[in-house]
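>>> Any chance you could fold what I've pasted below:
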Amino acid sequence: MEPSSRPPDPGRNPPGPWDGFLVGPENSLAHAAARELARGATGESPLVLIGPSGSGKSRILEAMAADRVSRNSGAAIALIPGEVFVSDCHEAGDLNSSEAWSELRLRYRNLDLLAIDDLNPLSRSPLALAELEPTLDELDAAGASVAVTVRDDPGRWESWPRRLADRLRAGLTARIDGPGPPSRRRFLLDRTRARGVAMTAEAIDLLAEAADGYRTLEGWIARLELNARVDRRPIDRVMAAALLADDEATAPAASIAEISRAVASRFGLRVRDLRSSSRRAALVVPRHLAILLSRELTRSSFASLGAAFGDRDPKSIRHACRAASIRIANDPAIASVAEAIRRKWADAPA
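Numbers count the residues shown, from 1 in each chain. Sure thing, here's the model as predicted:
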């Protein structure tokens, strides 16, 4: 949840991990299971949350982890994007030393709670899949909890090691459907009220009908709030319609070049800026985003991506994917840009 733009009231208690979380028919089972896991129950482990991008899976993991910490400040918890686990495994593999693998296993196997947001990137990494299975074994033996999110139904996990897939299927699987229009309207009302943003009912209705999930709405609110401040007027239907028209622009088939052009355009850059060696922050963030989206939408290898982005080595490309994943998880505006570009190639493999 985004912090309120209003000053905190010293007489009120700080917000709890689940404050502002919208529970509806789309996510009630997932919400209940996550709260049990936060309390330390292991009967729901591994908890596998399945749902489309923007359905609120990440929000549940974040709240669950924060809830666990609030109950036990000494709990050892790791909440990471799947790309980070893949990157860490490949970094250990690149070093090819027992010390590197020992450090990685110490990091992920001595936990009270391991939460991995989006396992899908692991399907492209046999090394990470091979490491995840014994990691789950050791955590289970130690009585630790595990929660993961995926976009695909377990029935589509045939390419995974059978024992690993069976272990995940044996846990509690909770499907999260994309929020319906009523839930999306509630979300918009709650978020705009918390941020002190004025939005007309007509704009709320338009955005609620057009959105595909909460993450998209978060990004739209952030962008519209900035527009409203610049124009010094409330967010009305005209302003919302202009944003939707911008996001619904069509694009050709996904390729590294086309994705790079789309990202560069969003940030007011040239494609050659993304391929340059400059480490300026204004270039690094969009470069990392372009690399991650190219990886997701084209399934290009790290080597191919390195060649396309200024002859960078595979290790640098993995780092870029990791950094972009973390940025998307923590920056609604960047998440909105990423989702808008993904939607342009909705039929491409993700």
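
>>> now the strands: where do they sit in the chain?
Along the chain, counting by DSSP state E, strands occupy 47-50, 77-81, 113-117, 145-150, 172-175.

>>> what packs against the last one?
In other words, strand 172-175. helix 28-38, strand 47-50 (3 or more CB pairs under 8 Å, 6 or more residues apart in numbering; DSSP states H and E). Where you see a C-beta, it was placed from the backbone N, CA and C, and this is true even at glycine.

>>> In the stretch 101-250 of the chain, where is pLDDT below threshold?
The model of the stretch 101-250 of the chain has pLDDT under 70 over residues 154-156, 247-250.

>>> what's the span of stretch 118-134, first residue to last?
End-to-end distance for stretch 118-134: 19 Å, by CA to CA, to the nearest Å.

>>> Now do it: distance to the chain's middle.
Chain-centre distance of stretch 118-134: 17 Å, with CA atoms, centre = their mean, to the nearest Å.

>>> can you list contacts of that stretch?
Applying CB atoms under 8 Å, 6 or more residues apart in numbering, the contact partners of stretch 118-134 are 57, 81-83, 85-86, 89-90, 93, 104, 148-152, 159-161, 163-164, 167, 299, 321, 350.

>>> Likewise for stretch 58-70?
In contact with stretch 58-70 (CB under 8 Å, 6+ apart) are residues 1, 16-18, 21, 27, 30-31, 34-35, 37-40, 49, 75, 77, 79, 112-113, 115, 117, 147, 149, 176, 214-215, 329.

>>> now with 7 Å?
17-18, 21, 30-31, 34-35, 37-38, 49, 75, 77, 79, 113, 115, 117, 147, 149, 214, 329 (CB atoms under 7 Å, 6 or more residues apart in numbering).

>>> ok, which stretches of the stretch 251-350 of the chain are helices?
Here the stretch 251-350 of the chain has its helices, by DSSP state H, counting those that start in this stretch, at 256-266, 271-275, 281-298, 302-308, 314-330, 332-344.

>>> Can you get me a residue count around residue 75?
Here the number of neighbours of residue 75 (other CB atoms under 10 Å) works out to 17.

>>> How about it, nearest residue that isn't a chain neighbour?
Distances taken as CB to CB, 6 or more residues apart in numbering put residue 112 closest to residue 75, at 4.4 Å, once the chain neighbours are dropped.

>>> what about the one you found, how many residues close to it?
Number of residues near residue 112 (other CB under 10 Å) recorded here: 18.

>>> Then the one 3 residues further on?
Here the number of neighbours of residue 115 (other CB under 10 Å) works out to 25.

>>> on that earlier part again, out of the helices of the stretch 251-350 of the chain, nearest to residue 99?
Nearest to residue 99 among those is helix 314-330 (17.4 Å), distances taken as CB to CB.

>>> helices or strands up against the closest one?
In terms of contacts (3 or more CB pairs under 7 Å, 6 or more residues apart in numbering; DSSP states H and E), helix 314-330 is packed against strand 77-81, helix 82-95, helix 281-298, helix 302-308, helix 332-344.

>>> want to throw these into a markdown table with distance to residue 122, mean neighbour count and mean pLDDT?
Converted to a markdown table, those look like this (distance: least, CB to CB, whole Å; neighbours: other CB atoms under 10 Å; pLDDT from 0 to 100):
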| stretch | distance to residue 122 | mean neighbour count | mean pLDDT |
| --- | --- | --- | --- |
| strand 77-81 | 11 | 19 | 92 |
| helix 82-95 | 6 | 21 | 88 |
| helix 281-298 | 13 | 22 | 90 |
| helix 302-308 | 15 | 18 | 84 |
| helix 332-344 | 19 | 20 | 85 |
